[in-house]
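Chemist: Compute the structure for the input listed below.
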Amino acid sequence: MNFSEFYDFCNSLEYAEESFPFDQKTIVFKKKDKIFALANTEDFLFINMKCDPLKAVELREQYRGIRPGYHMNKKHWNSVYVNQDVSDSLVYELIRKSYLLV
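Modeler: Below you'll find the model as predicted:
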């Protein structure tokens, strides 16, 4: 997955809004003022996404490319590293699930 694919998918979700509240390179996607995904626009290595706490642990055990959320609450957020052992289809599914959690 590349940044453009990530960006287009997040923007295609109903009520999704983008902003740069932290700095000029970290894009944040929200639904109704709640963050569901964020990533670095310049160095697109991973996406931070919300996740059910039990599922988050299971995914981290199953994939090398899914780790506790970088700079986020480790219980509720995962960092999903693109272009590792996580398929694009799973990344899209995890974005959608994160979107539904907020």
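
Chemist: Would you indicate which residues of the host helix or strand of residue 95 are buried?
Modeler: Assessed by DSSP states H and E, residue 95 sits inside helix 88-101. Across helix 88-101, burial judged by 16 or more other Cβ atoms under 10 Å covers 90-91, 94-95, 98-99. (C-beta placed from N, C-alpha, C; glycine too.)

Chemist: ok, of these, which one's closest to residue 30?
Modeler: residue 99 (9.8 Å; Cβ to Cβ).

Chemist: so how far is residue 36 from the closest one?
Modeler: As judged by Cβ to Cβ, to the nearest Å, residue 99 and residue 36 stand 5 Å apart.

Chemist: One more: residue 96?
Modeler: Here the distance between residue 96 and residue 36 works out to 9 Å (Cβ to Cβ).

Chemist: How about the backbone phi and psi for residue 72?
Modeler: The phi/psi pair for residue 72 (degrees, to the nearest 10) reads phi -130, psi 170.

Chemist: which residues touch the spatially closest residue to it that is not a sequence neighbour?
Modeler: Among residues not flanking residue 72 along the chain, residue 48 sits closest, at 5.4 Å (Cβ to Cβ, 6 or more residues apart in numbering). Applying Cβ atoms under 8 Å, 6 or more residues apart in numbering, we find residue 48 in contact with 37-39, 69-72, 77-80.

Chemist: Look at residue 29 and give its secondary structure.
Modeler: Classification of residue 29 by DSSP: H, G, I helix; E, B strand; the rest coil places it in strand.

Chemist: whoops, residue 10 was the one
Modeler: At residue 10 the chain is in helix, as set by three-state DSSP.

Chemist: quick one: the nearest residue to it once chain neighbours are set aside and residue 85, what's the gap?
Modeler: Spatial nearest neighbour of residue 10, excluding adjacent residues (Cβ to Cβ, 6+ apart): residue 29 at 4.4 Å. Going from residue 29 to residue 85 by Cβ to Cβ gives 24 Å.
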